[in-house]
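**Student:** here is the input, now give the coordinates:
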Amino acid sequence: MRICVISYHSSPLDPPGSGNSGGMNICISHLYQALSPFCEIDIFTYGSRRNTKLNSSIDVIYLDCQNLRNFADKVISYHNSRRYDIIHTHYWLSGVIGLLTMRKIKIPWIHSLHTVEMLKGIKRDQFRIEVEEEIIRVCNFIISPTHKEAFAIKEIYPKARIITIPHGVDVRTFTPSIDGHSKLLFVGRIDPIKGLDLLIDALRLLKYDIELDVIGGASKGEHYFESIKTYGDGLPVRFLGPIEHTELNQSYMKSGMLIVPSYYESFGLVALEAMASGRPVIGFDDTGLSETVGADAGILVKRNAQNLAQAITSLIDNRELRHNLGLIGRKKALGYKWENIAQRYLMTYEKIIKG
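**Tutor:** Presented below is the predicted three-dimensional model:
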């Protein structure tokens, strides 16, 4: 099986945690490496770097075409010689390339939205909404990481054809360590949608002088990054910037809990990494965490800073609860091993190709 993967706006080789790089990069890299024993895979991304092999079955191909139509034409040229069996686009900009490509070649097309503009609770991009509607209408199937998101998409777009497959986690890299810490951890791009302002508000309500480590770099420009740092002035907050994903396990080990205060979170990959590391997760119950973390691997609350502060306090005060939630989280995370997730994708690809 030959798979054409399009990740236009972000290379799977880019370090996550800043700019356009985040959980999607990790998912693409790990998913296709887990699939590579069974498939040949070309991953197309924008850039002027030299093409790179992830392994003997995976090529990362950089196309220096900022214009999406020109990018699509290049992908079509590769298809004419490589004869792909299926195309899988990731994120809405890649979906535009999928739309352009499908006008000229006829192979099955599936798309992963990763985030859905209509589901965001903040200011929305109307143009992107219209593009995503067209992608959903034209492609063969949408892949959603949670049943919750799939249901929400179907409510807005009743004719959408959706398959639910969760993201995975590297359970060999992210492993439990002895609990005993009460340090708080935030991992993610410094972006308004990630809710770091709510977490800082919650810190002001705590009766403890507890340290918060913030791992991640600027996403929406340095101005917002600097403004959120200023907003945290006077509080025990350390902005550590982005770090290598392979080193992130050390940060989970040194923390007592992960806080995911996002205004919108389709799945919550960092939550799954924390669970694999035996750490409880605190977040909001109206996000994808309700499915990933659930009611037994952390504490999910209604959205406001006071509820967040109460949840943090309950874990600071109860080491046994932290430990028990961490144990359950690790057990749940083992079901999300990339090898398991890759097999679900492989069966899905084969079924779609056969029609």
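
**Student:** strands of the stretch 101-250 of the chain, start to end?
**Tutor:** 109-112, 141-144, 162-164, 184-187, 212-215, 237-241 (DSSP state E, counting those that start in this stretch).

**Student:** adding distance to Ile178, write those strands out as a markdown table.
**Tutor:** To be clear about C-beta, it is placed using only N, CA and C from the backbone, and glycine gets the same treatment. What follows is the strands of the stretch 101-250 of the chain, written out as a markdown table (distance: least, C-beta to C-beta, whole Å):
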| stretch | distance to Ile178 |
| --- | --- |
| strand 109-112 | 37 |
| strand 141-144 | 36 |
| strand 162-164 | 35 |
| strand 184-187 | 16 |
| strand 212-215 | 18 |
| strand 237-241 | 22 |
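
**Student:** among the ones you listed, which is the most enclosed?
**Tutor:** Using mean count of other C-beta atoms under 10 Å, the stretch among the strands of the stretch 101-250 of the chain with the largest mean neighbour count is strand 184-187, at a mean of 26.

**Student:** contact partners of that strand?
**Tutor:** 17, 196, 199, 203, 210-216, 248, 251-252, 254-261, 270, 273-274, 279, 312 (C-beta atoms under 8 Å, 6 or more residues apart in numbering).

**Student:** may I see the ChimeraX selection of the buried members of those residues?
**Tutor:** To isolate the buried members of the contacts of strand 184-187 in ChimeraX, using 16 or more other C-beta atoms under 10 Å:
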select :17,196,199,203,210,211,212,213,214,215,216,248,251,252,255,256,257,258,259,260,261,270,273,274,279,312
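
**Student:** low-confidence ranges in the stretch 101-250 of the chain?
**Tutor:** In the predicted model of the stretch 101-250 of the chain, residues 122-123, 179-180, 220-221 satisfy pLDDT under 70.

**Student:** again, 80 this time
**Tutor:** Low-confidence regions of the stretch 101-250 of the chain, defined here as pLDDT under 80, cover residues 121-124, 178-182, 208, 219-222.

**Student:** which helix is the longest one in the chain?
**Tutor:** helix 338-354 (DSSP state H).

**Student:** domain ranges for the protein?
**Tutor:** Residue ranges for the domains of the chain, per automatic domain parsing: 2-168+337-354, 184-336.

**Student:** first-to-last residue distance for the last one?
**Tutor:** Spelled out, that is domain 184-336. Counting by C-alpha to C-alpha, to the nearest Å, you get 24 Å between the two ends of domain 184-336.

**Student:** same question, stretch 238-257
**Tutor:** The distance separating the two terminal residues of stretch 238-257, taken as C-alpha to C-alpha, comes to 16 Å.

**Student:** gap between that stretch and the chain center?
**Tutor:** A distance of 17 Å separates the C-alpha centroid of stretch 238-257 from that of its chain, computed with C-alpha atoms, centre = their mean, to the nearest Å.

**Student:** repeat for stretch 74-85
**Tutor:** Centroid separation between stretch 74-85 and its chain, computed with C-alpha atoms, centre = their mean, is 28 Å.

**Student:** before we move on, what about stretch 140-159?
**Tutor:** Relative to its chain's centre, stretch 140-159 lies at 17 Å (C-alpha atoms, centre = their mean).
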